[in-house]
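> How does the following fold in three dimensions:
(one chain, ligands or ions: 3)
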Amino acid sequence: MYVILLGPPGAGKGTQAVQTAERTGLLHLSTGDMFRENLRNGTELGNLAKTYMDQGELVPDDVTIRMLLERIGRDDARAGCLFDGFPRTVEQAKALDEALSEQGNEIAVTILIDVSNEEITRRLGGRVSCATCGSVFHEIFNPPNAGSPCCGTVKMIQRDDDKPEAIANRLQVYADQTEPLVDYYNQTGKLASVNGEQSSQAVGEDLLTALQAVSS
Ligand code: ADP
Ligand code: ADP
Ligand code: ZN
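Numbers count the residues shown, from 1 in each chain. Ligands and ions are numbered 1, 2, ... in the order given. Okay, the predicted model is just below:
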């Protein structure tokens, strides 16, 4: 089963994808994580992506599509994936539809995680991640626990693109380039939506309900 989590930066896609992948066994694929991993490994792709990510701009479609299609062609993606942060443009969505259809597959459902801009700003402003494993926390809403620290330490880092200047641009980029996907998937009757302004646990329950509705 191929499932897309759609929503603005900070909506909780990554948080939900990690939990949902554990519960369903779907492979979690985040293009943002792939770019950041390339950057850590000092690859050419990582260095190229960084110039866009730091500005809050999208990495060009050709590069992003090539990376994602290579990844879903591997054996461990055969049974399906949970896409987090891809597609982000109509061109990416079309490329994904074509590639899946060549394998006789299709998107089962695209789930929009609906969150207001105000809440997004609060979430991105406090987002931090474990310096060792990359697990995502929030300084107030989901603080790293001093009693049981992640990876044995509470050392947390903030992403460069979660600084206020980059956040505003990312919200604009979302409205201009990614929000049209809501109509794109709605037209095929494959859009579901969940209220993202609940506890992560409640959002997770709603997501599972939406998945059960298409997998039976
Ligand atoms: P967020 O969690 O805020 O939604 P991501 O980790 O998904 O952010 O992405 C971080 C950055 O990586 C984006 O701002 C963009 O520069 C780049 N990126 C990630 N996915 C894509 C994509 N599908 N197309 C283009 N750029 C992408
Ligand atoms: P995305 O992948 O969509 O950019 P994240 O999953 O990284 O979003 O979440 C953004 C921030 O909001 C993180 O700091 C995360 O801990 C926090 N967060 C996620 N879901 C919730 C929620 N339901 N309530 C409050 N904070 C949340
Ligand atoms: Zn950790």
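
> For R88, give its distance to D176.
Using Cβ to Cβ, to the nearest Å, one obtains 11 Å as the distance from R88 to D176. Every C-beta, even on glycine, is put in place using the N, C-alpha and C of the backbone.

> Looking at those two, which has the bigger crowd around it?
R88 (21 against 11; other Cβ atoms under 10 Å).

> can you give me phi and psi for the residue nearest to that one when sequence neighbours are not counted?
Among residues not flanking R88 along the chain, T178 sits closest, at 4.7 Å (Cβ to Cβ, 6 or more residues apart in numbering). Dihedral pair for T178: phi -100, psi -40, per degrees, to the nearest 10.

> how much space between the residue of the chain most remote from its centre and ligand 2?
Residue distances from the centre of the chain (Cα atoms, centre = their mean) peak at G147, which lies 28.9 Å from the mean C-alpha position. Going from G147 to ligand 2 by Cβ to the nearest ligand atom, to the nearest Å gives 18 Å.

> do the same with V115
Counting by Cβ to the nearest ligand atom, the gap from V115 to ligand 2 is 8 Å.

> dump the residue contacts of that residue.
Neighbour list for V115: 7-8, 10-12, 123, 196-197 [criterion: Cβ atoms under 8 Å, 6 or more residues apart in numbering].

> which other helices and strands contact whichever helix or strand T64 is part of?
Assigned by DSSP states H and E, T64 belongs to helix 61-72. In terms of contacts (3 or more Cβ pairs under 8 Å, 6 or more residues apart in numbering; DSSP states H and E), helix 61-72 is packed against strand 27-30, helix 31-40, helix 44-53, helix 90-102.

> residues making contact with the following helix or strand past it?
Per DSSP H and E, the first helix or strand lying C-terminal to helix 61-72 is strand 81-84. Residues outside strand 81-84 that contact it (Cβ under 8 Å, 6+ apart) are 2-5, 13-14, 17, 20-21, 24, 26-33, 72, 96.

> From the chain's centroid, how far away is the biggest helix by length in the chain?
In the chain, with assignment by DSSP state H, the single longest helix is helix 200-215. Remark: helix 200-215 is offset 16 Å from the chain centroid, using Cα atoms, centre = their mean, to the nearest Å.

> Show the average pLDDT along that helix.
Averaged across helix 200-215, pLDDT comes to 96.

> Just give the nearest non-adjacent residue to the closest residue to ligand 1 within the chain, would you?
Proximity of the chain to ligand 1 (Cβ to the nearest ligand atom) peaks at G32, 2.0 Å away. Among residues not flanking G32 along the chain, G85 sits closest, at 4.7 Å (Cβ to Cβ, 6+ apart).

> same question, E165
That would be G56: by Cβ to Cβ, 6+ apart, it lies 8.0 Å from E165.

> measure the one you found to T209 for me?
For G56 relative to T209 (Cβ to Cβ), the value is 33 Å.

> Those two: which is more packed in?
Comparing G56 with T209 by other Cβ under 10 Å, the one with more neighbours is G56, at 21 against 11.

> what comes up buried for stretch 51-65?
By 16 or more other Cβ atoms under 10 Å, the buried positions in stretch 51-65 come out as 52-53, 56, 58-59, 61, 64-65.

> Tell me the one of the residues you listed nearest ligand 3?
Nearest to ligand 3 among the buried residues of stretch 51-65 is M53, at 21.5 Å by Cβ to the ion.
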